[in-house]
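J.: A structural model of the following input is requested.
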Amino acid sequence: QQSGRRYNLFLKQRLRIDKRHQSKDSIFFRDGVRRIDFVLSYVDDLNKEWEKKLERRKEFERNLKKAGLELETEDKKESEDGKIYFVKIHAPWEVLITYAEVLNIKVPIKENDIPSTVENPLDCMLAPLRLPEKVMHPEPDYFTAPFSKDKQELYLINDESTFFSPSMRNRIVNYILTRCPYGTEEGKKKFGIKRLLNNGTYSAAYPLHDCQYWKKANDPNCDNERYTLYMEWARFLRFYKEQPLDLIRKYYGEKIGIYFAWLGFYTEMLFLAAVVGLICFFYGLITMDENMSSKEICDPAIGGEIIMCPLCDRECDYWRLNTTCESSEYSHLFDNVATLFFAIFMGIWVTLFLEFWKRRQARLKYEWDLVDFEEEQQQLQLRPEYEAKCTQKKKNPVTQEMEPYLPITSQAVRFCISGTTVLFWVSLIIASMIAVIVYRLAVYAAFASLMENTQSLEPISGLLTPQLATSVTASCLNFVIIMILNFLYERIAIWITDMEIPRTHMEYENRLTMKMFLFQFVNYYSSCFYVAFFKGKFVGYPGAYTYMFNRWRNEECDPAGCLIELTTQLTIVMAGKQIWGNIQEAIVPWICNWWGRRKARNNPENLYSRWEQDHDLQTFGALGLFYEYLEMVIQFGFITLFVASFPLAPLLALMNNILEIRVDSWKLTTQYRRPVAAKAHSIGVWQEILNGMAILSVVTNAFIVAFTSDMIPRLVYYYAYSENEDSPMSGYINNSLSVFQISDFPDRNKPKMNPGNFVICRYRDYRYPPDHERKYLHTMQFWHILAAKLAFIIIMEHVVFIVKFFVAWMIPDVPADVKAKIKREKYLTQKILHEYELEKLKEKLCQGDKLASEKEFIATEGRMELSRAM
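T.: Residues are numbered from 1 along each chain as shown. Take a look at the predicted model:
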């Protein structure tokens, strides 16, 4: 008897070892046949909520089984840390076909017989950029039709276990999980896995990756798509290769696929903008020595003899113009004739990008069976949270069914609270920007006196002017404030959007997108708008300066212009955001996963199951893609709204995006759990935001060229005021500086010392000299320049807008061949369905009720004839 007990104990241990061996990197139940479509995990923590959580789980899992799902639980003893239970979920064929019909999932009915487009003659040149055909097109192209249980023999069902792809399967199971009830609490019916995750009943819910990313699975039935994606797409060494969009769509779903398609297309289009921007930059570099303005500033006989008025009250001294020699030379890199050309070019480039993306998107909609997706979206059920929180019901005028709704009074109150909260946070950003401006005004005097009195700064004092030092430190401070406010506002935006209780998932995302974008727009761009359009514009003149809060004197621009400061601001904020974003996206998840897996690495690989490996990864939440889009759209704003000040911005964006594609693919493939597949036929509300920014960019760049750069004053001088025919721009600097008599300084402004006993000083403006009868009033040249600036803005805007709208009109949104394919597919699909119906009717004719069936047969045949005629 004792030997029998030992034998039984040996069998149990052997069974457990065999089970663990079998579960190694497996995506199947213990029987090795049923596929794991979803995994739930939980920890048995014996606290006061333990019994309530246990009851919820039992009820939830009981209802999942009633819905037809099959469950298999892994005891915590089998887990790597001995604490976590895993519930594996399998959707059998009957469940899949039921919900495929509910979700209107399209499935193959016939292989596509439409010939592919004519080969590109440049294909041989682009061969090094191509991926293998099996990777680019993992499945044959089929004609598809929405699934119907009554017409199963119509579809190309070769194997029931593989007919629905893993992404379709996890989408169906997730649909059931989000709507499955788990009991009644506080008189309300509770349902949905999201609530159970929030209240701690379950710790995680996720579909499984099909294998480890660095090696193929041992199971011959596994497609190893994750491994293929890692090897061909997610490694940085593949940065020059095209993206396997069909495989991304098959593995992750259309929503993630469309994001990477958009990001890849945006990066391709940036290449052209980057090349043109680089040419404009090199033009500025080559012509730097020919720039008459910087020559005069640097000339000791001209700039060295011009004494400038102090840049702050009391503490600052008089200074010579040639001390800004280096900064004026560098300013010419970005403030030259090429700036105007590049601003106009980018206005047209934006239109080309958006119009060609519409065409690319239309092609993807056809290839990915998303042509009728908008209709499908309307047929899908409401958000579970909406159904749960809206207790009142009314009849839907379309479906004539009772459905929950939110009363108009409740909506109004929620929108008022939401609007007030958003307004408060936008006001907070503006207040922080004003604080940064005050910082700039307050520390300028300190930098000015420090640089004049410190010998150690002499080697760089020519380049590091007080203006530049103030601008750089203020930009860094502004960037830190931006990051802190972003961190706080993200949580507030999600909270107020949840409070509004949007009706559908699309409505939820659109509302959150608009809130976040409005905030980010003000947060990131407010400092650039200040430097571009306000700094140096309202300073007054010596003896009558303008003060902020009657205390701090407004900033002046460098004698070479404010454009170089806008370039500095743009570079710091844009580059800082990109560097910080990549650190957040790549390094933080890697460290978290490394820390989470540190114990598992000490155990044999066969004791670390597939569901545990995925459990230890980070969660790619429902808003994961939202943050990716937001990051790219903010970058899009930097390279369009202020591109006239920094032609290298598209090049910076291009280099970042090449890295961004690989970082996003790497983290999604290696650092995150597999996201639930979701459908999307476009980039959604982001398209409208991009269109709005494209229009705004024309206006901002026209104003930057007119009011921030020195181009218009130089052109007015060249054509109207120049007196030297041999060198028309000589004398421009002297012409652009007005004269002030030092004895006219009030005590508040007068410097403490005047060691040079200067009588006059110069300042940047167009005003009459002290000996003129219109003393210190604006000259006619000022009004000529202002009129030229306004005329330039009107002409540039109209020219660019006319070209934009003409280009948009010329380029159709849907390519002609795609239109033809859509019509052809619809025709053939209808023909196949009609032929199928005829066959079914013939069978009914043979079975009985010949009169009714003959009439139905004639009607169906007539419909087919009509369809052919159409």
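
J.: for Met346, which non-adjacent residue is spatially closest?
T.: With Cβ to Cβ, 6 or more residues apart in numbering as the criterion, Met346 has its nearest non-adjacent residue at 4.8 Å, and that residue is Val643. (Glycine included, C-beta is placed from N, CA and C.)

J.: can you spell out which helices and strands pack onto the longest helix belonging to the chain?
T.: What stands out as the longest helix in the chain, according to DSSP state H, is helix 408-453. Contact partners of helix 408-453 among helices and strands, from 3 or more Cβ pairs under 8 Å, 6 or more residues apart in numbering; DSSP states H and E: helix 466-500, helix 505-533, strand 547-548, strand 552-553.

J.: could you point out which of those sits nearest Ile583?
T.: Distance to Ile583, taken as Cβ to Cβ, is lowest for helix 466-500 among the helices and strands packed on helix 408-453, at 11.3 Å.

J.: give me the angle between that closest one and helix 408-453.
T.: Here helix 466-500 points in a direction 170 degrees away from that of helix 408-453 (axes from the mean of the first three to the mean of the last three Cα atoms, to 10 degrees).

J.: so what does helix 466-500 touch, helix or strand wise?
T.: Short answer (3+ Cβ pairs under 8 Å, 6+ apart): helix 466-500 packs on helix 408-453, helix 505-533, helix 563-582.

J.: ok now the longest helix of the chain, how far from the chain's centre?
T.: Relative to the mean C-alpha coordinate of its chain, helix 408-453 is positioned 24 Å out (Cα atoms, centre = their mean, to the nearest Å).

J.: and if you look at stretch 784-796?
T.: 36 Å.

J.: using CSV, write down the CA coordinates of it.
T.: C-alpha atoms of stretch 784-796 as CSV (Å, rounded to 0.1, in the frame of the first residue of the first chain):
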residue,chain,number,x,y,z
HIS,A,784,6.1,102.3,-45.8
ILE,A,785,7.5,99.2,-44.2
LEU,A,786,4.3,98.4,-42.3
ALA,A,787,2.3,98.8,-45.5
ALA,A,788,4.7,96.5,-47.4
LYS,A,789,4.5,93.9,-44.6
LEU,A,790,0.6,93.9,-44.7
ALA,A,791,0.7,93.7,-48.5
PHE,A,792,3.1,90.9,-48.4
ILE,A,793,1.0,88.9,-46.0
ILE,A,794,-2.1,89.3,-48.2
ILE,A,795,-0.3,88.4,-51.4
MET,A,796,1.6,85.4,-50.0
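
J.: how about residues contacting that stretch?
T.: Residues from elsewhere that reach stretch 784-796, judged by Cβ atoms under 8 Å, 6 or more residues apart in numbering: 343-344, 698, 702-703, 705-707, 712-713, 715-716, 720, 766.

J.: pull out the buried members of those residues.
T.: Ala343, Ile344, Val698, Ala702, Phe703, Val705, Ala706, Phe707, Ile712, Pro713, Val716, Tyr766 (16 or more other Cβ atoms under 10 Å).

J.: now, which of those sits nearest Arg440?
T.: Once Cβ to Cβ is applied, the member of the buried ones among the contacts of stretch 784-796 that ends up nearest Arg440 is Phe707, at 19.2 Å.

J.: just to be sure, that closest one is in a strand?
T.: No. Applying DSSP: H, G, I helix; E, B strand; the rest coil, one finds Phe707 to be helix, outside a strand.

J.: coming back round to it: in a markdown table, list the buried ones among the contacts of stretch 784-796 along with pLDDT, distance to Ser736 and secondary structure.
T.: Formatted as a markdown table, the buried ones among the contacts of stretch 784-796 follow (pLDDT from 0 to 100; distance: Cβ to Cβ, whole Å; DSSP: H, G, I helix; E, B strand; the rest coil):
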| residue | pLDDT | distance to Ser736 | secondary structure |
| --- | --- | --- | --- |
| Ala343 | 90 | 22 | helix |
| Ile344 | 90 | 25 | helix |
| Val698 | 91 | 28 | helix |
| Ala702 | 92 | 22 | helix |
| Phe703 | 91 | 20 | helix |
| Val705 | 89 | 17 | helix |
| Ala706 | 90 | 16 | helix |
| Phe707 | 88 | 15 | helix |
| Ile712 | 91 | 12 | helix |
| Pro713 | 91 | 6 | helix |
| Val716 | 94 | 10 | helix |
| Tyr766 | 93 | 7 | coil |
